[in-house]
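S.K.: Quick one: sequence plus predicted model below, questions after.
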Amino acid sequence: MDDERQPRNNETPERPDEPRRTDRWQGMTTGIGMGIALGVGLGLAMENLGLGIAMGIAIGAGIGEMYERQRRDE
């Protein structure tokens with residue numbers, strides 16, 4: 001058996017200059033999650049849940065992109 005093994009997705013990689021896989025999409029997933037929550041509420045208010053979720057995902061992707069750009073600029 002080899003003592004060296006590949007790190008799993010949630011483990012820190014062997015090289016410190018290599019970014020963790022989960023950090024790459026953190027802002028986008030946060031934005032989409034917030035958008036879905038907002039979209040469900042909006043969809044229930046409009047009595048059209050499908051449209052609300054779709055709008056929430058679109059708005060959330062925009063919010064996530066803002067988070068990503070702010071993080072890159074820091």
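M.R.: Yep, that arrived. Numbering: from 1, shown residues only.
S.K.: Let me see the contact set for Ile36.
M.R.: Going by C-beta atoms under 8 Å, 6 or more residues apart in numbering, Ile36 touches Ile53, Gly56, Ile57, Gly60. Every C-beta, even on glycine, is put in place using the N, C-alpha and C of the backbone.
S.K.: tell me which of these is nearest to Arg71?
M.R.: Each of the contacts of Ile36 was checked against Arg71 using C-beta to C-beta; the closest is Gly60, at 16.3 Å.
S.K.: Return the residues in contact with that closest one.
M.R.: Counted by C-beta under 8 Å, 6+ apart, Gly60 has contacts Gly31, Ile32, Gly33, Met34, Gly35, Ile36, Leu38, Gly39.
S.K.: cool, and Leu38?
M.R.: Gly56, Ile59, Gly60.
S.K.: what would the contacts of Gly60 look like in TSV with distance to Arg71, pLDDT and secondary structure?
M.R.: Shown next, in TSV, are the contacts of Gly60 (distance: C-beta to C-beta, whole Å; pLDDT from 0 to 100; DSSP: H, G, I helix; E, B strand; the rest coil):
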residue	distance to Arg71	pLDDT	secondary structure
Gly31	12	87	helix
Ile32	16	88	helix
Gly33	16	89	helix
Met34	16	90	helix
Gly35	18	91	helix
Ile36	21	92	helix
Leu38	21	92	helix
Gly39	24	93	helix
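S.K.: Closest one of the contacts of Leu38 to Gln70?
M.R.: Gly60 (15.5 Å).
S.K.: Now stretch 59-67: buried residues?
M.R.: Ile59, Gly60, Ile63, Gly64, Tyr67 (16 or more other C-beta atoms under 10 Å).
S.K.: Kindly report the same for stretch 31-45.
M.R.: Neighbour-count burial for stretch 31-45, counted by 16+ other C-beta under 10 Å, picks out Gly31, Ile32, Met34, Gly35, Ile36, Leu38, Gly39, Leu42, Gly43.
S.K.: Nice, that's everything, thank you.
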